[in-house]
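Asks: Just need the structure, nothing else, for what follows:
(chains A, B and C)
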Amino acid sequence: MVPLSWYLIFAALLFSIGLFGVLSRRNAVAILLGIELMLNAVNINLAAFWRYGDVKQMTGQVFAIIVFAVAAAEVAVGLALVISVYRRRNTVVADEINMMKW
Amino acid sequence: MSFWNDPLKVAADWLLGILTSWGVSEIAAQIFIGLLGVVILLSLLMVLDIFLVWVERKVVSRFQDRIGPNRVGPFGLIQPFADIIKLIIKEDTTPSDADKVVYNIAPLLSMMSVLILWAVVPLAPRIIGVDLNIGALYIIAAGAIGTLSIIMAGWSSNNKFALIGAFRQVAVMVSFEIPMLTVLLIPTIFAGSMGLNAITEAQDIWFVWLAPLGALIFLIAAIAELGRAPFDMAEGESELVSGYNVEYSGMKFGMFYAGELLHAFTFGGFWAILFFGGYRFFGLEQVSAFLGIAVVLFKAFLGYWIIMWVKYTLLRIRIDHMLAFNWKFLTPLAFTLLMVVALMNALLAGVPPLFYVVAMFLSNVILGWIALEVARSYGRKERERIEGVKQVVELHH
Amino acid sequence: MTGEQIVFLLVALFTLSSGVMVVTTRNLVHAALWLVSTLFGVAVAYALLNAAFLAVVQVVVYIGAIAILFIFAVMLTRKEMRDQGPQMNQNWWAGALLSVFVFVGLFFLLQGWSGLSRTASEMPVGFDAISELGNALISPDAYVLPFEVASVLLVADLVGAVYVAFNRR
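Replies: Modelled structure (predicted):
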């Protein structure tokens, strides 16, 4: 029997790894990769709480499916923005996209 | 449950009895029997794959008014073995600067994505790998892994043509997944479940009579997913020098090629299961499970023959025409078909079966006719626009 | 150690190591491929949680669409085939420290909850998760409104992404 704590700690670890990716990488696409890891960690959390709570209440799974949709939407727009920025400024390094810095 | 009716359970129980009498723990015996089943299924599939190479070459030769291999063995039946030996003893090249790990994993992933499809194929009423209640969605998931393997192959070859071919192929595959997914919901509506066993059990009347347009859209989307002609822009030999598999030689290319043939056969099988009754044939599958398997394989071969027929008759379509066809015609048509089928299914809930079948069939035919008329009028306007421009150009001589 | 625990530990090890490779590897295409293996590990975790639909949708949506989108974006935004230059920020140690703090904070937060070590109850017999999920998504006193809002979000996202990335020649 796998206790709930194992799933939650697994999700927390995955979330921290994603957070490290977001905060430390230079390439904008790599930052988006870290965001994907964080969203997956949240989804595991939701699914685990669905399973270890009342299985007849589908709230956990519905929430997880909405998170799937939102993650897909955010990745699409994020990557579109990155590609558009690359076309204009010819760089995807996040530090060099600093025209609006004061 | 005699052996002829339920061979898997009888064999598994017998093996379990032998293993536990030797002192093996029950769980280990169960795992071993499961693995043994997987190995047997995969071996039979690979033997079938070899046979499919021969079938493909004979059929293409007959379509092209020639005889095909007939020297090696009776009717050329040993020819595929000669092909395999040739591929195995070929030099296994790897391009310099290619990404070695990705380059070597791509053909494995491609073959894997085909073989895992057979876990959900119902071969007989009680012979199925895993009776997933989301079997229809699992098919799309396995296709997604295949898409990934193609882009890995194209990128890791360090070759511009391979990359362009892979991009095009992946664009086509991802685009045509949408009408396929939508049309997969139609047998789900009729059967009330996504599990392939449940869909087969619910086909007292074959679903092709209830939704012929759905069967047609599934066939077109499946042929595009497979990357076969007329949608083989990515790997046409005369177009992109064989696209994503240009840098592969020897058995790695053999895996791509054999995987593609087995994939085509598998989708012929899925077309048969989803729309043509699967293992059902007027109660024949109740007599013996092996007859059920024979019926499925026969129908799968018929589906595969139709896919080959389409390949060797039609010309290749240009990539932008392919994508325009999908997004502007096939996807709206699939969505409309799903809505019409769901609506008719709900409206005609309690009517006698013959009336139901005729009404669904007619609604499909009418929808198909309307779609063709819309496409025709659009084509007419395009032609008039182009011809109008042409006339203006000629006047200005 | 029951079999289920061993399987979960293997899956968690696989997923977390793939995650670490995602955020530390220099070659971005390799990072996208490690993301694919991470997502696959997460799909296996869903299957372990008896959420079969979520597992299959994870493979179809994340691996079949999002990961491929990432691979395309990586290939379209590089000046040459090789990756050059450092791939970590100047202050990457601050990022590492912060993520360790976040994990430790979450861990202590969880320890304070009493229901932490509960084990899973048996799935009710004959429970068809798919039909229950379908009912929950479209029944008016369940979650039809978030479902419809999510679909409007996806349409807006589709139009927005095409508009932003459109190449006006």
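Asks: And for residue B:253, nearest residue in space, chain neighbours not counted?
Replies: residue B:245 (5.8 Å; Cβ to Cβ, 6 or more residues apart in numbering or on different chains). Heads up, the C-betas are built off the backbone N, CA and C, glycines and all.
Asks: State the number of residues packed around residue 93.
Replies: Just going to use chain A. Applying other Cβ atoms under 10 Å in any protein chain shown, we find 16 residues neighbouring residue A:93.
Asks: actually chain C
Replies: Residue C:93: 11 neighbours (other Cβ under 10 Å).
Asks: same question for stretch C:66-85, mean pLDDT?
Replies: For stretch C:66-85, mean pLDDT is 79.
Asks: roughly how far apart are residue C:51 and residue B:144?
Replies: Distance, residue C:51 to residue B:144, by Cβ to Cβ, to the nearest Å: 18 Å.
Asks: And those two? Which one has more around it.
Replies: residue C:51 (26 against 22).
Asks: these two touch, right, that one and residue A:61?
Replies: Yes: Residue C:51 lies in contact with residue A:61 (Cβ atoms under 8 Å); the separation is 6.1 Å.
Asks: For chain A, which segments are assigned as helices?
Replies: Secondary structure of chain A by DSSP state H: the helices cover A:4-24, A:28-52, A:59-89.
Asks: Now render these as a markdown table, adding mean pLDDT and mean neighbour count.
Replies: Formatted as a markdown table, the helices of chain A follow (pLDDT from 0 to 100; neighbours: other Cβ atoms under 10 Å in any protein chain shown):
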| stretch | mean pLDDT | mean neighbour count |
| --- | --- | --- |
| helix A:4-24 | 93 | 22 |
| helix A:28-52 | 93 | 23 |
| helix A:59-89 | 92 | 19 |
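Asks: To chain B, which of those lies closest?
Replies: Nearest to chain B among those is helix A:59-89 (12.6 Å), distances taken as Cβ to the nearest Cβ.
Asks: could you give the angle of the closest one to helix A:28-52?
Replies: With axes from the mean of the first three to the mean of the last three Cα atoms, to 10 degrees as the basis, helix A:59-89 and helix A:28-52 are set at 180 degrees to each other.
Asks: Now do helix A:59-89: distance to the chain's middle.
Replies: 9 Å (Cα atoms, centre = their mean, to the nearest Å).
Asks: is that helix anywhere near chain C?
Replies: Yes: Helix A:59-89 lies within reach of chain C by Cβ under 8 Å from any Cβ of the partner chain, at A:59, A:61-62, A:64-66, A:68-77, A:79-84, A:86-87.
Asks: quick one: low-confidence parts of the stretch 251-397 of chain B?
Replies: The stretch 251-397 of chain B contains residues with pLDDT under 70 at B:391-397.
Asks: what's around the closest residue to chain A within it, how many residues?
Replies: Using Cβ to the nearest Cβ, the point where the stretch 251-397 of chain B gets nearest to chain A is residue B:327, with a distance of 15.9 Å. Residue B:327 has 14 neighbours, counted by other Cβ under 10 Å.
Asks: ok, it touching residue B:175?
Replies: Yes: taking Cβ under 8 Å as the definition, residue B:327 is a contact partner of residue B:175 at 6.6 Å.
Asks: in stretch A:86-102, what's buried?
Replies: Residues A:86, A:92-94, A:97 are the ones in stretch A:86-102 that count as buried (16 or more other Cβ atoms under 10 Å in any protein chain shown).
Asks: Quickly name whichever of those residues is closest to residue C:164.
Replies: If you rank those by distance to residue C:164 using Cβ to Cβ, residue A:86 comes first, at 12.0 Å.
Asks: Could you find the closest non-adjacent residue to that closest one?
Replies: By the measure of Cβ to Cβ, 6+ apart, the closest residue to residue A:86 outside its immediate chain neighbours is residue C:77, 4.4 Å from it.
Asks: Contact partners for residue 52?
Replies: Let's take chain A. Residue A:52 is in contact with A:4, A:7, C:118-121, counting by Cβ atoms under 8 Å, 6 or more residues apart in numbering or on different chains.
Asks: hmm, I had chain B in mind actually
Replies: B:258, B:261-262, B:265, B:304.
Asks: and what of residue B:163?
Replies: Neighbouring residues of residue B:163 by Cβ under 8 Å, 6+ apart: B:154-155, B:157, C:75.
Asks: what does residue B:360 give?
Replies: Neighbour list for residue B:360: B:209-211, B:341, B:344-345, B:348 [criterion: Cβ under 8 Å, 6+ apart].
Asks: do the same with residue A:37
Replies: Going by Cβ under 8 Å, 6+ apart, residue A:37 touches A:14-15, A:17-18, A:21, C:19, C:22-23, C:35, C:38.
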